[in-house]
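S.K.: A predicted structure for the sequence below; I have some questions about it.
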Amino acid sequence: MNSIHTEVDNRFANKDLKGTLEMIEFGLALNPLDTKLYRAKARVLHNLKMYPQSLKWSDALIRHFLPQYGDLMHRSSTKNEMSDYPGVITDLNIAELFRKDDVALYLRRGGAHWEMRDWVKAGVDFQRALELAPENPDAVWINGLLDLQLGKFNTGWERYDARWKSQRFKSNRLVTKKPQWSPDSGLRRVLVWGEQGIGDQIFYASALRHLRFVTDKVTMLVDPRLISLFSRSLPEIDFLPNTAEVPVDEHDSHLPIASIHAQFVRSLDDIPKYAARNYLKPDPERVARIREKLGEGFTALSWTSAAIKIGPHKSIPLEAMEPILSIPGRRFVNVQYVSSATEDRDPRVLPPGIDCRRDFEDLAALLSLADCLVSVSSSTVHLAAALGVRVHLADANKLWYWGNKDGDQSLWYPSVKIYPRDNVLAPWTNVIDRIKRDLEGK
């Protein structure tokens with residue numbers, strides 16, 4: 001069997017997953033109780049994203065043989081991909097009996113506690129990871145995110161900067177030799193550059209005006225879809241597409257957009273001063289044109305998030321929106337950022353007649369005519385909120401800034417009322433029922 005094990009390892013190392021699986025099957029035919037092959041099959045199926053099948057083999061391995069620490073860690077990883085967060089926590093509680101010095105264990109279990117909205121246990125695990133590895137960027141960054149969620153900005157912003165060293169953080173960083181701007185740097189011409197998603201750029205851009213007050217010039221590289229809207233709303237800022245090359249003599253410093261609030265917000269009490277209060281202005285001509293087609297006073301509706309990793313957690317099936325769609329006397333207009341096959345099945349959700357993904361000027365004009373927006377967390381929420389439109393947000397607890405609120409009102413966006421899901425696995429029923437009651441004025 002040693003030769004089979006060696007061949008399995010070689011094929012796996014060469015990323016020949018299909019060939020690896022074939023060799024594993026051959027080996028199991030010779031020895032159905034080979035624990036190494038059980039372990040290898042679970043690993044290969046996981047890498048093939050065949051998570052239920054991988055879990056089946058991990059379960060069999062742990063049930064029939066003496067489990068090892070790595071087996072529990074691997075199964076918890078598979079359960080994590082399947083969003084079985086209670087199962088992740090259970091496996092890692094057992095794994096901790098084997099080892100108490102693995103940063104990966106505490107980061108994963110803390111993340112599972114976060115998904116289940118248990119901030120205390122999440123904080124304990126994240127802090128333990130940081131104690132084990134104070135320089136680990138994932139440990140520093142995730143502690144920063146939790147600090148920001150809980151309004152601990154003094155430590156949160158500094159730790160949040162570790163995102164650039166984390167392998168988990170996927171946004172590109174500007175390549176520059178210029179120093180990063182700070183209030184005490186003495187630098188006066190700042191190049192702000194966009195990062196993360198378009199919704200994040202809208203959120204953080206609310207502080208651009210305050211940055212301009214303490215500098216001589218602010219230029220921002222931004223998603224091209226936002227340039228005309230931002231230029232009209234913030235004429236004191238120069239906006240360029242995020243692919244533009246800015247001459248080095250036109251700025252003396254730089255600042256990533258998600259670090260801009262770190263320069264001003266040091267406590268929850270600071271947020272109202274820098275909050276996004278109607279800072280975006282729609283194009284009057286587009287507003288008039290869309291008003292002729294759709295009128296005004298309708299309810300804008302969005303139920304799906306396009307985010308690749310967290311989108312499924314944030315999205316709600318249109319069928320689950322039935323209590324809201326059944327409210328008498330309301331017209332609903334679809335403002336989905338992405339098209340959905342279900343949208344054509346319900347005639348109560350009218351098409352917008354615009355491209356909600358590519359034309360943010362038209363989308364801003366349409367949203368400005370709405371009585372309110374009912375939506376899951378998305379860039380559309382940020383756009384509506386920055387316009388001052390009333391928003392009923394069905395929140396899946398995936399983004400830190402929705403945790404900064406006074407009661408159920410967002411501190412960052414005064415027009416946003418937040419309806420948090422009980423946890424990431426809970427049904428949306430309670431959230432939808434509460435939004436329905438508020439729309440009915442009950």
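M.R.: On my side now, so go ahead. Residues are numbered from 1 along each chain as shown.
S.K.: show me what the helix or strand hosting Arg437 is packed against.
M.R.: Using DSSP states H and E, Arg437 maps to helix 429-439. For helix 429-439, the elements it packs on are helix 322-325, strand 372-376, strand 391-395, strand 416-420, judged by 3 or more CB pairs under 8 Å, 6 or more residues apart in numbering; DSSP states H and E. (C-beta placed from N, C-alpha, C; glycine too.)
S.K.: dump these to JSON lines, plus mean neighbour count.
M.R.: Shown next, in JSON lines, are the helices and strands packed on helix 429-439 (neighbours: other CB atoms under 10 Å):
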{"stretch": "helix 322-325", "mean neighbour count": "17"}
{"stretch": "strand 372-376", "mean neighbour count": "25"}
{"stretch": "strand 391-395", "mean neighbour count": "24"}
{"stretch": "strand 416-420", "mean neighbour count": "20"}
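S.K.: format these as TSV; extra columns: distance to Leu363 and mean pLDDT.
M.R.: Output for the helices and strands packed on helix 429-439, formatted as TSV (distance: least, CB to CB, whole Å; pLDDT from 0 to 100):
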stretch	distance to Leu363	mean pLDDT
helix 322-325	21	95
strand 372-376	11	96
strand 391-395	14	97
strand 416-420	17	96
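S.K.: how is the protein carved up into domains?
M.R.: 2-138, 189-274, 284-439 (automatic domain parsing).
S.K.: got TSV for those, with distance to Trp157 too?
M.R.: Below are those laid out as TSV (distance: least, CB to CB, whole Å):
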stretch	distance to Trp157
domain 2-138	15
domain 189-274	4
domain 284-439	11
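S.K.: among the ones you listed, which comes closest to Tyr160?
M.R.: Closest to Tyr160 of the domains of the chain is domain 189-274 (CB to CB; 7.3 Å).
S.K.: can you give me how far the closest one is from the chain middle?
M.R.: 20 Å (CA atoms, centre = their mean, to the nearest Å).
S.K.: rewinding a little: turn the helices and strands packed on helix 429-439 into JSON lines, columns for distance to Gly19.
M.R.: Converted to JSON lines, the helices and strands packed on helix 429-439 look like this (distance: least, CB to CB, whole Å):
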{"stretch": "helix 322-325", "distance to Gly19": "49"}
{"stretch": "strand 372-376", "distance to Gly19": "42"}
{"stretch": "strand 391-395", "distance to Gly19": "45"}
{"stretch": "strand 416-420", "distance to Gly19": "47"}
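S.K.: residue contacts, Lys165?
M.R.: Pro137, Trp141 (CB atoms under 8 Å, 6 or more residues apart in numbering).
S.K.: swap in Val248?
M.R.: Contacts of Val248 (CB under 8 Å, 6+ apart): Lys178.
S.K.: what pLDDT does the model give it?
M.R.: In this model, Val248 is scored at 89, pLDDT.
S.K.: can you give me phi and psi for it?
M.R.: When quoted as degrees, to the nearest 10, the phi and psi of Val248 stand at phi -60, psi -20.
S.K.: between the helices and strands packed on helix 429-439, which gets nearest to Ile198?
M.R.: That would be strand 372-376 among the helices and strands packed on helix 429-439, by CB to CB, at 14.7 Å.
S.K.: what is the helix or strand that comes right after that closest one packed up against?
M.R.: Under the assignment DSSP H and E, the closest C-terminal helix or strand after strand 372-376 is helix 379-387. If you count contacts as 3+ CB pairs under 8 Å, 6+ apart, helix 379-387 packs onto helix 198-204, strand 299-302, helix 360-368, strand 372-376, strand 391-395.
S.K.: in TSV, list those along with distance to Val140.
M.R.: What follows is the helices and strands packed on helix 379-387, written out as TSV (distance: least, CB to CB, whole Å):
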stretch	distance to Val140
helix 198-204	20
strand 299-302	34
helix 360-368	34
strand 372-376	29
strand 391-395	26
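S.K.: of all those, which one comes closest to Gln68?
M.R.: strand 391-395 (39.0 Å).
S.K.: so what does the closest one touch, helix or strand wise?
M.R.: When contacts are defined as 3+ CB pairs under 8 Å, 6+ apart, strand 391-395 packs onto strand 372-376, helix 379-387, strand 416-420, helix 429-439.
S.K.: quick one, which of these gets closest to Ser185.
M.R.: Comparison of the helices and strands packed on strand 391-395 against Ser185 by CB to CB identifies helix 379-387 as nearest, at 28.0 Å.
S.K.: show me the contact partners of the closest one.
M.R.: Residues outside helix 379-387 that contact it (CB under 8 Å, 6+ apart) are 197-200, 202-203, 206, 276, 278-282, 300, 302, 335, 337, 356, 360, 363-364, 367-368, 370, 373, 375, 391, 393, 410, 413, 415-416.
S.K.: pull out the buried residues from those.
M.R.: Among those, those classed as buried by 16 or more other CB atoms under 10 Å are 197-200, 202-203, 206, 276, 279-282, 300, 302, 335, 337, 356, 360, 363-364, 367-368, 370, 373, 375, 391, 393, 410, 413, 415-416.
S.K.: just checking, Ser315 touches Trp303?
M.R.: Yes - between Ser315 and Trp303 a contact is recorded at 6.5 Å, counting by CB atoms under 8 Å.
S.K.: between these two, which contacts overlap?
M.R.: The contact sets of Ser315 and Trp303 overlap at Val376 (CB under 8 Å, 6+ apart).
S.K.: what are the boundaries of the helices in the stretch 51-200 of the chain?
M.R.: For the stretch 51-200 of the chain, the helices defined by DSSP state H, counting those that start in this stretch cover 51-64, 69-81, 85-98, 103-115, 119-132, 137-149, 153-160, 198-204.
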